[in-house]
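**Student:** sequence first, then the predicted structure, then my questions.
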Amino acid sequence: MIFLRLLALILCLATPVLAQEGTITSGNGTNAEQGQADAAMATRIRDILHELDGYEDVTVTVKSGIVTLRGTTLDLAQSEALVGLIGRVEGVVAIENEVTISTDVRRRLMPMVERFQLRFWQGIAFLPLVGIALFAFGIVVWIGFFIARRKQPWDRIAPNAFIADILRAVIRIAAIIAAIVVALDILGATALLSTILGAAGIIGLAIGFAVRDTVENFIASVLLSVRQPFAPNDAVKIDGHEGKVIRLTSRATIILSFDGNHIRIPNATVFKSTVINFTRNPERRFDFDIGVGYGTDLAAAKLLAEETVKGLPFVLTTPSVSSWTTELGGSDVGMKVTGWIDQRETGLLAARSEAIRQVLIAFEEAGIEMPEPTYRLLMNEAGTQEAAPAPAKPNVAEVSHDVMNVEATTEHELEDIVDAERDTERQDLLRQDATKE
């Protein structure tokens, strides 16, 4: 009895060992069925790789759904692409990628040679179409340049030659761009145009930041040439500089100071500054200050000064001469006298100087005192104060009452200098007959 139980226990322990040595079965079938599935999977993968370039040297083995790849490819990207490609095949359990990079010189050079041959023959086949595109490009460019070269209507539309040249340049650029678009459209490469324009925009933006001051001066030149705030030989004051305008260039405004110096002011500064044009209105006012002593009849002194200035032949009747009291000083009462001249015929400084001289003569004759603004103390040897000797009064009878020459000689001489300077330089954005704003 005990022997039978031991025998049964031995048989129970031996049963699993016998099972492991036998055929393994599963729900999907036997080992033969798995082998058939592996073979079908290997065949499918080989067919896929056969249709793709670069995998001719790759071998495939499949065992129990595990795919092993061996061989070489031309680059690492092709080797890595195998994993994703084969992973989409149905039934693949795992992938062992043992593919390496090929070092065969002939194999690595052949694709490049084939691509070069393909591009060469494609280029040969494309030559007629390229010729048509070039012909269309030349026709469009020629039409644009022909229109730009014509004097009309650009000279009639533009206010000056500088703006006309800018319009012509715009027409040329537009013609070149249109020609490129037409040529690329014939070649079927219009997508390339957006790339070119994008790159040109980025380059233009970078150049714009780099030469911002130059661009600003150029734009100011265009606006100044259109507005024409001054003309050649105009007396102006710009940014604290005063003189006569010589010319307006594409970068700067050049003026001749009354000291004879050349002053170049950037056009951006000119455009943003206050421009005082003394020449635009031919009538110009001069003024001067004079002082009379306390106790003087101010009404009589005012009337005498006005009548004296009004009687000068170079002083205009309209606007009229005027004067007024300005301040009460320490020793005198200040007065300002003004008059108007035609600065095309009369010099401003000469007129002012002669008016002062004539008023001084008139005051001396009328006995109007013009006290000195300073005091002097003289001490004698005893230490007592002596009265300062009275200044000698000029003999009024000996003073000339004749009006001196006040013609605008200096101004005309400066105009001659400006004209000579303008003859030495051709570039000028100012017209002689420009209508100033």
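**Tutor:** That came through fine. Fair warning: this is a prediction, and the values are worked out from it, not measured in the lab.

**Student:** which residue is nearest the centroid of the chain?
**Tutor:** The residue lying closest to the centre of the chain (Cα atoms, centre = their mean) is residue 215, at 3.2 Å.

**Student:** buried stuff in the helix or strand containing that residue?
**Tutor:** Applying DSSP states H and E as the criterion places residue 215 in helix 212-227. Under the neighbour-count criterion of 16 or more other Cβ atoms under 10 Å, helix 212-227 has 216, 217, 218, 220, 221, 222, 224, 225 buried. (Glycine included, C-beta is placed from N, CA and C.)

**Student:** what's the spacing between the fourth one and residue 290?
**Tutor:** Per Cβ to Cβ, to the nearest Å, residue 220 is found 44 Å from residue 290.

**Student:** which secondary structure state is assigned to residue 340?
**Tutor:** Residue 340 carries the three-state label strand when classified by DSSP: H, G, I helix; E, B strand; the rest coil.

**Student:** ok, now residue 48?
**Tutor:** Secondary structure, three-state DSSP: residue 48 is helix.

**Student:** quick one: contacts for it?
**Tutor:** 85, 86, 89 (Cβ atoms under 8 Å, 6 or more residues apart in numbering).

**Student:** okay, it: pLDDT?
**Tutor:** Each residue has a pLDDT score; the one for residue 48 is 82.

**Student:** now for residue 183: which residues touch it?
**Tutor:** The neighbours of residue 183, taking Cβ under 8 Å, 6+ apart as the test, are 133, 134, 136, 137.

**Student:** ok, residue 251 next?
**Tutor:** Contact partners of residue 251, counting by Cβ under 8 Å, 6+ apart, are 214, 217, 218, 221, 266, 267.

**Student:** let's see 6 Å
**Tutor:** Residue 251 is in contact with residue 217, counting by Cβ atoms under 6 Å, 6 or more residues apart in numbering.

**Student:** list phi and psi for it.
**Tutor:** phi -120, psi -30 (degrees, to the nearest 10).

**Student:** quickly note the distance from it to residue 236.
**Tutor:** Residue 251 is 18 Å from residue 236, by Cβ to Cβ.

**Student:** one step back: can you pick the most crowded of the contacts of residue 48?
**Tutor:** residue 86 (20 neighbours; other Cβ atoms under 10 Å).

**Student:** next one, pLDDT for it please.
**Tutor:** Looking at residue 86, its pLDDT is 80.

**Student:** also residue 66?
**Tutor:** Looking at residue 66, its pLDDT stands at 85.

**Student:** can you pull the contacts of it?
**Tutor:** 93, 94.

**Student:** and what of the one 4 residues further on?
**Tutor:** Going by Cβ under 6 Å, 6+ apart, residue 70 touches 59, 98.

**Student:** again, 10 Å this time
**Tutor:** Going by Cβ atoms under 10 Å, 6 or more residues apart in numbering, residue 70 touches 57, 58, 59, 60, 61, 96, 97, 98, 99, 100.
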